[in-house]
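**Q** below are the sequence and a predicted model; questions follow.
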Amino acid sequence: MKSFRKNVFRTIKESFGRFLAIICIVALGVMFYVGLNATTYDMLDSANDFYKKENFYDFMLVSNMGFTEDDISLLRENNDYKNVEGALYLDALTSIEGKDEGVTRIHSITDKINKLQLEYGRMPENDSECVVESREYNKSDIGKEIIISENNKNVTKGYLKNKKLKITGIVSSPLYLSYQRGTTNIGGGSILSYIYVNKGEFNTDYYTQIFIDIENDDYIYSDEYDKMVEKYEDKVGDELTYPEELNVMLMTLTRDDNAGYATFEENANIVKSLTILFPLFFATVAALVCIITMGRMIEDERMVLGVFKALGYKKITIYSKYIIYSLSATVTGCILGFMGGSIIFPTLIWNSYRTMYDFAKNIKIKYYMDMFVIGSITSIAVILLTTLFVCRTVLEEVPAGLLRPKAPSPGKRVLVEKIGFIWKRLSFLHKVTLRNCFRYKKRFMMMLIGISGCVALLITGYGIEDSISDICNLQYDNIEVYDYMMSVGDGLEDGDYKKIDKKLDKYTKDYLYVTKTPITVEFKGKKKDVSAFSIDDYDKLDGFISFKNNGEKIENTDKDSVIISSNMADLLEIKKGDKIKITFDNLKEKEYKVVSFYDNYVQNYVYFNDEAYLDGTKESPYRNCIFANVKDGGDIFEISAKLQKISKITSVFETQSMRDYFDEMIKRLKTIIVLVIFCAGLLAFVVMYNLNNINIMERIKEIATLKVLGSYENETASYVFRENIILTFLGILCGIPLGKVMHKFVMEKIRIEIVCFDIHINLSSYLISAGITIIFAFMVNIFMKRKIKRINMAESLKSIE
């Protein structure tokens, strides 16, 4: 047995390149599977831990009248509420040495809910001190003073006791998970940063917000947490009652109304959607190549198997040699892939997303053993079954048969030989090359599958980048071309509209009143909550929304029909002519016929005319929404701040803000695409190296014969590499349609509700993918040339006889 063990280790040493190739291929497959899955869970775990530690609110109450201590005491009597805290905030123009004046949101520090994470310095000890956010300020700003600008309104200055606030520390707040700081009706319309002060700094005896924490340990974004929110959402705040004449507006907000919280889930889901398919594609290509590698290795060692069998070794002992070989390579690859996937992928992806989110400098790395077990069992099962199958096939022969070389495949005419005018013009070596390419069908197929699979992965990666890159331009340059969407209050009369029109004429180039209402669309048991717009004539949307289907203008509809976005049609599997049930916010229901889809890439909407709205709601359309465009040369955010000051306008939404957000999201997504492309390229190189290595090893006598006959080094190398280049080009040709199919399949699976991707692949992506494969093919040829040069002619040509 000692000599047997030596033989096992000698085999590993002598075929270390092949052994290393199996390790690399298995490691890449496992790393991709573990990496993308672990990244999703690590991102969510890091956010969950942050929210639990800082005790992020479950519900937030806001009111146009504010809240008193009595209100808070009343809410605390509810035993379902773990914590109830009042808080204040104020938007003010501020400045600091070395920085321009900007809008800062000033918050009061709370004790139990929305606790701050101190990164540097200390918390405020008196009312004239503050802590600032980590995105806009750094460690060197500690000790400096924030000055409350004299340009603020008197009422704003009156809310604060001090005109200067000394910075004592840098913090992160759970209220601001992402880079988005929100909008305001002062300054340029956008909030630049936030700071926190003691409650005593505010010169007021009421609160602007109440935060409520429910007793629960549910995981963020989980179904259990959503059910808890649904249970309490309609009840929270019912304890507070006010006289009708005060006209108090009380709003209950959840975590989903926090921009950072909502967008983080969207980004985590995008990463998660990629975990379904890419690991499967990588694992399939890796498995095929590993099967070929082990099969070829056992075929090459048939004489060794014959010797073992002739010496009386049991089959199980002979099996064990190749089981040890394949298992040691596979297990090593699984361990390396698991460690690399658990650390490298989450770290790289989070370093990209970290520019959007502030709560953690480093992602919380965890090692998920269930992923290791799944990846390892799958890899080991594939390699082990292949090894056992090939061993069993070979060992069925008698020792005498195994000790003789396997008879070469009989020569056959290939298709090219039948095309006389081509065949006659080829040189001898070119004829041999073409014959060899098609003669060895097994080798031909394994090269074709391996290379085409890698090309398809590269095309898929570049295709995803093509499909997501232009979403913002398509949506906001070609479809939603308006600059603002404004909401107006309830109960407006003609005089109110005239006052609004007067201001809009001053600040905007043009504007359009429409009716906006929340609805629920239902089709074949599937439901979706979306916004709907009603207008008397679709032609009026020109200049605000490009209302088209595949470039063709959409005509007006009747009272029984609607138009929906193409993305919603895909999500609910609705076709033209189908009838959908729409439930309005007044609980009225009506079935409408879908007569057309309109092109839209971001969000989902339904459009109908006023007659259809009236027929469904039994109410006249109330113009509560305004589309508007900024005047030429105007600053979008400065004008937004002025629009927010208009009486009866309750909110102003800039499309530029949404565009900026999606631009950032797509940039982060590109990091994942780069990882996909890099891993696909690496897999392509390893696969081609491995397949070429097998090709040379199984034809070593043929190559040695050429060298004995006097062929020069370059002639001998070109004899082999010419075949590789031909097979590479054939692999590329097969990989292009396969990549197109894979890309379409992946894009359909990574679809998210609020975004519709423009599914296409640019010509440049095909060319780049093919170019990378060709470059790798030439690089492999350079590596293999040294191997051909080292072939010992006498050793290779000696006969077993």
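**A** Happy to help now that I have it. Numbering: from 1, shown residues only.
**Q** return stretch 147-159 as PDB; C-alpha atoms alone will do.
**A** C-alpha atoms of stretch 147-159 as PDB (Å, rounded to 0.1, in the frame of the first residue of the first chain):
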ATOM      1  CA  ILE A 147     -23.200  79.300  12.200                       C
ATOM      2  CA  ILE A 148     -26.900  79.800  11.800                       C
ATOM      3  CA  SER A 149     -27.200  82.200   8.900                       C
ATOM      4  CA  GLU A 150     -28.700  85.600   9.200                       C
ATOM      5  CA  ASN A 151     -30.400  84.900   5.900                       C
ATOM      6  CA  ASN A 152     -32.900  82.600   7.700                       C
ATOM      7  CA  LYS A 153     -36.400  83.900   8.300                       C
ATOM      8  CA  ASN A 154     -37.000  85.400  11.800                       C
ATOM      9  CA  VAL A 155     -39.300  82.600  12.700                       C
ATOM     10  CA  THR A 156     -36.600  80.000  11.900                       C
ATOM     11  CA  LYS A 157     -34.000  82.000  14.000                       C
ATOM     12  CA  GLY A 158     -36.500  82.200  16.800                       C
ATOM     13  CA  TYR A 159     -36.800  78.500  17.100                       C
END
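**Q** can you pull out the strands in the stretch 51-200 of the chain?
**A** Secondary structure of the stretch 51-200 of the chain (DSSP state E, counting those that start in this stretch): strands at 59-67, 81-87, 89-96, 99-108, 117-121, 129-133, 145-148, 164-172, 193-197.
**Q** lowest average pLDDT across those strands?
**A** The minimum mean pLDDT among those belongs to strand 99-108 (a mean of 84).
**Q** who does that strand pair up with?
**A** Sheet pairing of strand 99-108 (DSSP bridges) gives strand 89-96 (antiparallel), strand 193-197 (parallel).
**Q** which positions within the shortest one qualify as buried?
**A** If I follow you right, that is strand 193-197. S193, Y194, I195, Y196, V197 (16 or more other CB atoms under 10 Å). The C-beta positions use only the backbone N, C-alpha and C, and glycine is treated the same way.
**Q** what does stretch 47-65 give?
**A** Here stretch 47-65 shows 47-48, 50-51, 54-63 as buried, counting by 16+ other CB under 10 Å.
**Q** could you redo these as a markdown table and give each row distance to S596?
**A** Listed next are the buried residues of stretch 47-65 as a markdown table, based on distance: CB to CB, whole Å:
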| residue | distance to S596 |
| --- | --- |
| A47 | 40 |
| N48 | 43 |
| F50 | 45 |
| Y51 | 43 |
| E54 | 48 |
| N55 | 49 |
| F56 | 43 |
| Y57 | 43 |
| D58 | 42 |
| F59 | 41 |
| M60 | 40 |
| L61 | 42 |
| V62 | 40 |
| S63 | 43 |
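**Q** what's the most distant pair in these?
**A** N48 and S63 (30.1 Å; CB to CB).
**Q** after the longest strand seen in the chain, which helix or strand is next?
**A** What stands out as the longest strand in the chain, according to DSSP state E, is strand 508-523. Using DSSP states H and E, the helix or strand that follows strand 508-523 in sequence is strand 526-535.
**Q** give me the domain ranges for this structure.
**A** 1-57+255-407, 58-254, 440-477+658-801, 491-623 (automatic domain parsing).
**Q** can you tell which of those is closest to G633?
**A** Proximity to G633, assessed across the domains of the chain by CB to CB, is greatest for domain 491-623 (10.2 Å).
**Q** returning to what we had before: from the buried residues of stretch 47-65, pick the one nearest K112.
**A** Closest to K112, out of all of these and judged by CB to CB, is N55, at 6.2 Å.
**Q** list the contacts for the closest one?
**A** By CB atoms under 8 Å, 6 or more residues apart in numbering, N55 lies in contact with N83, K112, I113, N114, K115, P174, D213.
**Q** burial measure for the first one, as a count.
**A** Looking back up the chat, that one is N83. 17 (other CB atoms under 10 Å).
**Q** wait, doesn't it sit right on I210?
**A** No. At 10.7 Å, N83 does not count as touching I210 under the criterion of CB atoms under 8 Å.
**Q** max-length helix in the chain?
**A** helix 655-698 (DSSP state H).
**Q** for the record, mean pLDDT for whichever helix or strand comes after it?
**A** Of the helices and strands lying after helix 655-698 in sequence (DSSP H and E), the nearest is helix 700-708. Throughout helix 700-708, pLDDT has a mean value of 80.
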